[in-house]
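In: structure, please.
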Amino acid sequence: MNHVANSHGAWEMPEDLRLLQATVRRFMQEEIIPEENKLPHDAVALPPDVLKRLQAKAKGLGLWQFESPAEYGGAGLNLLGQAAVAEEITQCKMGAYILGCHVFGWDPPNVIFEGTKAQIEKYAIPTLESGEKTFVAITEPGGGSDPARAIQARAVKKGDRYILNGTKVYISGVSESRWGLVFARTGDKDRGGVSSFIVENKYKGFSYKPVPVIRSYSPYEIHLEDCEVPEENLLGKEGEGLKLAETWLVHARIPYAAGVIGIAQAALNLAVAWAKQRVTFKSPLADKQAIQWMIADSEVELRAARLLIYQAAWKGDMGQDIKVDASVCKVYATEAAGKIVDRCIQIFGGLGVSKEMPLERWYRELRIKRIGEGPSEVHRMVIARDLLSAQTKAR
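Out: Take a look at the predicted model:
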């Protein structure tokens with residue numbers, strides 16, 4: 001699906017994606033948000049009966065597992081489509097980490113579809129049908145941004161099994177998942193020494209505990225103690241875990257970035273409406289130049305972030321290398337979104353930090369977005385190295 005130009009030669013979202021966005025936006029506003037508003041401020045799940053009912057409606061409309069291949073039951077959206085939808089399904093209180101309140105399913109990591117037919121049938125397809133969560137365990141106490149060297153968890157082949165030992169930290173969704181991907185070292189300390197395994201929560205030697213953080217939805221620490229994993233649960237070839245996951249990890253940063261600007265857009269919408277109705281010193285806040293500048297700066301940053309994301313998604317859909325583009329999007333979008341929500345809180349004043357509004361929750365949870373999927377500093381290194389390398393080659 002390519003980008004299109006209107007009669008004036010300007011870029012436009014393809015019509016089918018605009019219609020999909022509108023459908024998802026309406027479903028969020030009419031079906032999901034009213035149910036979410038009945039829950040406590042820091043809720044992390046809809047009631048099971050409500051979730052089941054809304055998931056059935058979403059499936060009936062074809063709004064299900066947006067990122068997963070259509071041949072296995074997902075919507076099969078391309079990267080631009082994923083970005084367009086991500087911006088909409090984050091616009092609810094729990095949207096930063098529980099997109100659309102989980103109503104549209106929870107896409108398994110796309111790398112699972114690179115597995116064997118048996119692996120896809122046993123793990124991927126049931127997960128797509130049920131909408132259950134999965135986890136990906138890469139990060140360890142020693143670091144997560146440089147997995148080729150930071151991963152210390154080991155997997156040793158014994159007969160028809162691998163024995164896993166090690167610790168993973170800050171892993172989302174573990175308690176709600178039946179299975180996930182665990183990356184462990186099977187060789188030397190380099191990229192070729194890491195393998196990926198499909199690990200079930202019920203396996204002996206697998207345990208976990210929550211890690212309290214500033215967001216409402218706690219990640220987990222996983223302990224692997226002589227955890228036995230069947231050899232058929234090796235995903236791909238031994239030593240090719242990072243190579244197998246690389247494209248998926250890069251592409252995942254595009255909807256990740258789109259999701260944070262969705263939250264920023266929702267915050268700005270609230271602030272604009274408030275500025276029009278709130279009267280101080282005998283006139284609306286909207287008449288104050290300081291407020292106007294906050295709103296204008298936020299709109300400028302949103303537009304810039306959105307276009308960076310759309311361009312990167314389009315390049316990815318064309319089959320181009322978007323490693324640097326994804327890093328640009330991740331840095332700019334997460335930092336811009338944090339600033340925008342901060343400004344919106346300032347516009348609301350004391351009400352902005354109260355639990356009557358979603359802003360304080362978004363403020364806390366967006367702070368983590370600058371760390372997750374690689375901290376801003378690491379992505380700046382990726383961008384700088386690419387530029388410096390290109391200049392060196394040009395000489």
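In: tally of neighbours for residue 149?
Out: The number of residues packed near residue 149 is 13, by other Cβ atoms under 10 Å. Every residue, glycine included, has its C-beta placed from N, CA and C.
In: next one: residue 57
Out: By the criterion of other Cβ under 10 Å, residue 57 has 13 neighbours.
In: how near is the residue lying closest to it once chain neighbours are set aside to residue 92?
Out: Sequence neighbours aside, residue 31 is the residue nearest to residue 57 in space, at 6.5 Å (criterion: Cβ to Cβ, 6 or more residues apart in numbering). As for residue 31, its distance to residue 92 is 11 Å (criterion: Cβ to Cβ, to the nearest Å).
In: ok, residue 217 next?
Out: For residue 217, the distance to residue 92 equals 13 Å [Cβ to Cβ].
In: more crowded one of those two?
Out: Neighbour tally, residue 217 and residue 92, criterion other Cβ under 10 Å: the higher count belongs to residue 92, 24 against 18.
In: low-confidence ranges in this protein?
Out: Of all residues in the chain, those with pLDDT under 70 make up the ranges 1-10, 189-191, 391-395.
In: quick one: the helices in it?
Out: For the chain, the helices defined by DSSP state H occupy 15-27, 33-36, 48-60, 79-89, 117-119, 125-130, 147-150, 241-277, 289-317, 323-348, 359-369, 376-394.
In: deepest of those, which one?
Out: Counting by mean count of other Cβ atoms under 10 Å, helix 79-89 has the highest mean neighbour count of those, with a mean of 26.
In: can I get it in PDB, CA atoms only?
Out: Extracted in PDB, the C-alpha atoms of helix 79-89 (Å, rounded to 0.1, in the frame of the first residue of the first chain):
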ATOM      1  CA  LEU A  79       3.600  -0.800   8.600                       C
ATOM      2  CA  LEU A  80       1.700   2.400   7.600                       C
ATOM      3  CA  GLY A  81      -1.600   0.800   8.600                       C
ATOM      4  CA  GLN A  82      -0.100  -0.300  11.900                       C
ATOM      5  CA  ALA A  83       1.000   3.300  12.600                       C
ATOM      6  CA  ALA A  84      -2.400   4.700  11.600                       C
ATOM      7  CA  VAL A  85      -4.200   2.300  13.900                       C
ATOM      8  CA  ALA A  86      -1.700   2.600  16.800                       C
ATOM      9  CA  GLU A  87      -2.400   6.300  17.000                       C
ATOM     10  CA  GLU A  88      -6.100   5.700  17.600                       C
ATOM     11  CA  ILE A  89      -6.000   2.700  20.000                       C
END
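In: contact partners of it?
Out: 1, 3, 13-14, 17-18, 20-21, 24-25, 28, 66-67, 75, 77, 95, 99-100, 104, 251, 254-259, 261-262, 265, 306, 309-310, 312-314, 316-317 (Cβ atoms under 8 Å, 6 or more residues apart in numbering).
In: and residue 167, how many neighbours?
Out: 16.
In: list the contacts of it.
Out: Contacts for residue 167 (Cβ under 8 Å, 6+ apart) come out as 140-141, 153, 221-224.
In: show the buried residues in these.
Out: When burial is judged by neighbour count using 16 or more other Cβ atoms under 10 Å, the buried members of the contacts of residue 167 are 140, 153, 221-222, 224.
In: distance to residue 194 added to the residues you listed, as TSV?
Out: Formatted as TSV, the entries for the buried ones among the contacts of residue 167 read as follows, by distance: Cβ to Cβ, whole Å:
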residue	distance to residue 194
140	11
153	9
221	20
222	16
224	14
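In: which among those gets closest to residue 272?
Out: Nearest to residue 272 among the buried ones among the contacts of residue 167, counting by Cβ to Cβ, is residue 221 at 41.0 Å.
In: how much space separates that closest one from residue 87?
Out: Counting by Cβ to Cβ, the gap between residue 221 and residue 87 amounts to 31 Å.
In: could you do residue 371 as well?
Out: Residue 371 sits at a distance of 21 Å from residue 87 (criterion: Cβ to Cβ).
In: for residue 347, same thing?
Out: 22 Å.
In: what residue of the chain is the furthest out?
Out: Here the chain has its C-alpha centre computed as a mean, and the residue farthest from that point, by Cα atoms, centre = their mean, is residue 282 with 43.5 Å.
In: can you pull the phi/psi pair for that one?
Out: Main-chain dihedrals, residue 282, degrees, to the nearest 10: phi 70, psi 10.
In: contacts only, for it.
Out: Listed by Cβ under 8 Å, 6+ apart, the contact set of residue 282 is empty.
In: how close does it sit to residue 347?
Out: In this structure, residue 282 and residue 347 are 18 Å apart, going by Cβ to Cβ.
In: what do you get for residue 136?
Out: If you go by Cβ to Cβ, the gap between residue 136 and residue 347 works out to 37 Å.
In: residue 16 now?
Out: Between residue 16 and residue 347 the distance is 36 Å, computed by Cβ to Cβ.
In: do the same with residue 334
Out: Separation of residue 334 from residue 347 (Cβ to Cβ): 21 Å.
In: repeat that for residue 12.
Out: Between residue 12 and residue 347 the computed distance is 31 Å (Cβ to Cβ).
In: what of residue 377?
Out: Where residue 347 is concerned, residue 377 sits at a distance of 30 Å (Cβ to Cβ).
In: over to residue 74?
Out: As judged by Cβ to Cβ, residue 74 and residue 347 stand 39 Å apart.
In: ok, residue 322 next?
Out: Shown here: residue 322 relative to residue 347, a distance of 35 Å by Cβ to Cβ.
In: so residue 298 touches residue 341, yeah?
Out: No: assessed by Cβ atoms under 8 Å, residue 298 is found out of contact with residue 341, at 9.2 Å.
In: so what sits against both of these two?
Out: Common neighbours of residue 298 and residue 341, counting by Cβ under 8 Å, 6+ apart, are residue 264.
In: ok, back up a step: can you redo the helices of the chain as TSV with distance to residue 164?
Out: TSV is the format used below for the helices of the chain (distance: least, Cβ to Cβ, whole Å):
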stretch	distance to residue 164
helix 15-27	39
helix 33-36	38
helix 48-60	32
helix 79-89	31
helix 117-119	17
helix 125-130	21
helix 147-150	16
helix 241-277	13
helix 289-317	33
helix 323-348	29
helix 359-369	27
helix 376-394	26
